[in-house]
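**Student:** Let me see the structure of the following:
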Amino acid sequence: MKTIVAFDFDGTLTKKDSFIEFIKFSKGKAIFFLNLPFLFFIWMSIQLKIINIDIAKERMFNHFFKGMSLREFNIKCESFSSVIDKVLKKEAIKTINGFKKPNYKIMIVSASIENWIQPWASKKGIDIVIATKIERNNQNILTGRFNSKNCKGEEKVHRILEMFPNRESYKLISFGNSIGDKELIEFSNKGYMNSIK
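**Tutor:** As a prediction, the model looks like this:
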């Protein structure tokens, strides 16, 4: 029987939020700090339940990346792999490599953006990336919107089942760190919360 090992990304494999780190990396720290009032406003809107986390995340993405060409964005995503390496938890790669066995598939299932996870994952020998997708127009310019649901909670389970619908044909092992991973953990044969240090 095939075994699928699913890792959440932010907070599970990494010590920092990759969205924030990518903004700093791609826009520069000066632009990031100039935009702290906007980020604080978004954070307060979440705390006061004016908007939910999904809307907040898309508004942040829109604010920083709307109008950028997909080519430029992907170049930045490719270069971002070196930053991801710096914010990984100590045991992350060792844990991933421990599942590189015959008949095993390793995947990342993340609410972060697919474009900056995929280059890093490919370099690490990770088979599949399931993450939040971004929208572009027919000129390959980013619209600032997402082209999928934010990949957290039930959406993680839904996206895995889209790719591997016959649940009885495989074992699922998962790693997470937050409430956004609860459904994935419960759906798995074995699920681990906050186990990677």
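
**Student:** Count the residues that sit near the residue nearest to residue 66 when sequence neighbours are not counted.
**Tutor:** Closest residue in space to residue 66, ignoring its immediate chain neighbours: residue 144 at 3.0 Å, by CB to CB, 6 or more residues apart in numbering. No exception for glycine: its C-beta is placed from N, CA and C like everyone else's. Burial of residue 144 is recorded as 18 neighbouring residues (other CB atoms under 10 Å).

**Student:** Send me the strand or helix carrying residue 144 as CSV with only the CA atoms.
**Tutor:** When elements are defined using DSSP states H and E, residue 144 is found to belong to strand 142-146. Output in CSV follows, covering the C-alpha atoms of strand 142-146 (Å, rounded to 0.1, in the frame of the first residue of the first chain):
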residue,chain,number,x,y,z
LEU,A,142,-1.0,39.2,-11.4
THR,A,143,-4.5,40.3,-10.6
GLY,A,144,-3.8,40.4,-6.9
ARG,A,145,-6.5,37.7,-6.3
PHE,A,146,-6.2,34.0,-5.5
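
**Student:** For that strand, the averaged confidence score.
**Tutor:** Confidence for strand 142-146, expressed as mean pLDDT, is 97.

**Student:** packing partners for it?
**Tutor:** Judged by 3 or more CB pairs under 8 Å, 6 or more residues apart in numbering; DSSP states H and E, the packing partners of strand 142-146 are helix 53-65, strand 134-136.

**Student:** still on that earlier bit, gap between the residue nearest to residue 66 and residue 59?
**Tutor:** Look at residue 144 and residue 59: by CB to CB, to the nearest Å, they are 9 Å apart.

**Student:** got it, and residue 152?
**Tutor:** Distance, residue 152 to residue 59, by CB to CB: 16 Å.

**Student:** of those two, who's got more company?
**Tutor:** When residue 152 is set against residue 59 and neighbours are counted by other CB under 10 Å, the residue ahead is residue 152, at 24 against 17.

**Student:** Confirm that one sits in a helix?
**Tutor:** No: for residue 152, which was evaluated using DSSP: H, G, I helix; E, B strand; the rest coil, the result is coil, with no helix membership.

**Student:** what sits against the spatially most central residue of the chain?
**Tutor:** Per CA atoms, centre = their mean, the C-alpha nearest to the average position across the chain is that of residue 112, at 2.7 Å. Residue 112 is in contact with 9-10, 18-19, 131-132, counting by CB atoms under 8 Å, 6 or more residues apart in numbering.

**Student:** and of the helices and strands packed on strand 142-146, who's closest to residue 45?
**Tutor:** Ranking these by distance to residue 45, with CB to CB as the measure, places helix 53-65 first at 6.5 Å.

**Student:** Give me the helices and strands touching that closest one, please.
**Tutor:** Packed next to helix 53-65, using 3+ CB pairs under 8 Å, 6+ apart, are helix 18-27, helix 36-47, strand 142-146.

**Student:** nearest to residue 104, of the ones you listed?
**Tutor:** With CB to CB, the closest approach to residue 104 among these belongs to helix 18-27: 24.5 Å.
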